[in-house]
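Participant: Whatever this is, show me its structure:
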Amino acid sequence: MLGRGKPGTLIGLSESGHQHRERKGTQGEENEETMSYDDVEIEDMEWNSELQAYTYPCPCGDLFQITKDELKLGEEIARCPSCSLYITVIYNLDDFLADSKTNNNNNTPNQPIAVA
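Facilitator: Residues are numbered from 1 along each chain as shown. Coordinates of the predicted model:
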C-alpha cells in the first residue's frame with residue numbers, strides 16, 4: 001500500500017503495518033534520507049601530511065578526507081573524492097578550537113613595548 005508524504009516521498013506500509021519511506025529524487029538531487037557509510041572516531045583516523053587532512057580507508061580504495069579547518073568549523077562529514085560515500089566523524093570540537101588558540105598564541109610575534 002502506497003501513500004504520499006511530502007513531494008517526492010512515497011510512504012509504504014509493510015505487511016506488518018510499519019511505515020517506511022522511499023525518497024524518489026530527480027537527477028542531480030541528493031537523497032535526503034541517505035545515511036553515512038559509518039561513524040568513525042577521530043582517533044581511528046590517520047593524519048596525512050601530504051593531503052593536510054585526516055583520512056580513513058574507503059571501500060572503493062581511496063580515502064575519506066576531512067581537514068582541521070573543516071573540523072574547527074564544526075563539520076563532521078568526511079567525503080571520499082572518488083565515490084559518493086561519506087562517513088560521520090566523531091570528535092570533540094573543543095579539542096580543535098583549543099588547538100587553534102594554542103597555535104595562534106605560539107605564532108604571535110613579540111610586539112615591542114613602548115617605554116616612556
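
Participant: drop to CA atoms for contacts and neighbour counts, all remaining ones
Facilitator: Fine.

Participant: Residue 82 belongs to a helix?
Facilitator: No. Using DSSP: H, G, I helix; E, B strand; the rest coil, the assignment for residue 82 is coil, not a helix.

Participant: my guess is it contacts residue 62, does it?
Facilitator: Yes. Using Cα atoms under 8 Å, residue 82 is in contact with residue 62, at 6.5 Å.

Participant: After the lowest-mean-pLDDT helix or strand in the chain, which helix or strand is next?
Facilitator: Taking mean pLDDT, DSSP states H and E as the measure, the chain has strand 19-23 as its least confident helix or strand, at a mean of 34. Using DSSP states H and E, the helix or strand that follows strand 19-23 towards the C-terminus is strand 39-41.

Participant: buried sites along that next one?
Facilitator: Of all the residues in strand 39-41, those buried under the rule 16 or more other Cα atoms under 10 Å are residue 40.

Participant: can you tell me the average pLDDT over that strand?
Facilitator: In this model, strand 39-41 carries a mean pLDDT of 97.

Participant: ok, that strand: who's next to it in the sheet?
Facilitator: If you go by DSSP bridges, strand 39-41 pairs up with strand 86-90 (parallel).

Participant: Let's see the strand it pairs with as CSV, backbone CA atoms only.
Facilitator: Extracted in CSV, the C-alpha atoms of strand 86-90 (Å, rounded to 0.1, in the frame of the first residue of the first chain):
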residue,chain,number,x,y,z
TYR,A,86,30.9,9.6,3.2
ILE,A,87,31.5,9.0,6.9
THR,A,88,30.4,10.8,10.1
VAL,A,89,33.5,11.8,12.2
ILE,A,90,33.0,11.6,15.9
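
Participant: Quick one: mean pLDDT for it?
Facilitator: For strand 86-90, mean pLDDT is 97.

Participant: now do stretch 57-66
Facilitator: 97.

Participant: Residues touching that stretch, excluding its own?
Facilitator: 53-56, 77-83, 85-87 (Cα atoms under 8 Å, 6 or more residues apart in numbering).

Participant: which parts of that stretch are buried?
Facilitator: Those would be 58, 63-66, for stretch 57-66 by 16+ other Cα under 10 Å.

Participant: what does stretch 88-99 give?
Facilitator: 88-89, 96-97.
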